[in-house]
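Visitor: 3D model of this:
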Amino acid sequence: MPLYMDTHRDVEGLTKEAVEGAHQADLATQQKYGVDYKKYWFNEEAGAVYCLVEAPNAEAAIAVHKEAHGLLADDIIEVHEGS
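Guide: The predicted structure is shown next:
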C-alpha cells in the first residue's frame with residue numbers, strides 16, 4: 001500500500017496536546033477508510049505538523065483527517081521509505 005506524508009502549515013494554537021488529540025482521533029477513524037496513520041512530527045513555534053500514513057490513495061488519508069477532526073493538510077505527497 002502506498003505511503004504518504006502530509007503537511008499542515010500555520011496551525012494556530014498548536015500544542016503537543018492538541019496534536020496528540022488529533023492523532024488519536026485519526027487512529028479511531030482510520031479503519032473505516034483502510035488507512036494506517038503511522039507517525040507524526042510537529043513544531044509548535046512554526047505551527048507545523050507532518051503525518052506519515054499508509055493508505056490506498058491520498059483521498060482516503062484526507063477523508064480520515066476530515067472526519068476525525070477537520071484539520072486538512074495543506075499538501076500530501078507519496079513517499080518511499082529509504083534504508
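Visitor: What's the first helix or strand after the longest helix along the chain?
Guide: When the chain is parsed with DSSP state H, its longest helix is helix 16-29. Beyond helix 16-29 in the direction of the C-terminus, DSSP states H and E gives the next helix or strand as strand 36-43.
Visitor: Neighbouring strands - and their directions - for that next one?
Guide: Strand 36-43 has its sheet partners listed here by DSSP bridges as strand 48-54 (antiparallel).
Visitor: burial measure for residue 78, as a count.
Guide: Residue 78 has 11 neighbours, counted by other CB atoms under 10 Å. (C-beta placed from N, C-alpha, C; glycine too.)
Visitor: now the longest helix of the chain, how far from the chain's geometric center?
Guide: Put simply, helix 16-29 sits 9 Å off its chain's centre (CA atoms, centre = their mean, to the nearest Å).
Visitor: How about stretch 29-40?
Guide: Stretch 29-40 sits 9 Å away from the centroid of its parent chain (CA atoms, centre = their mean).
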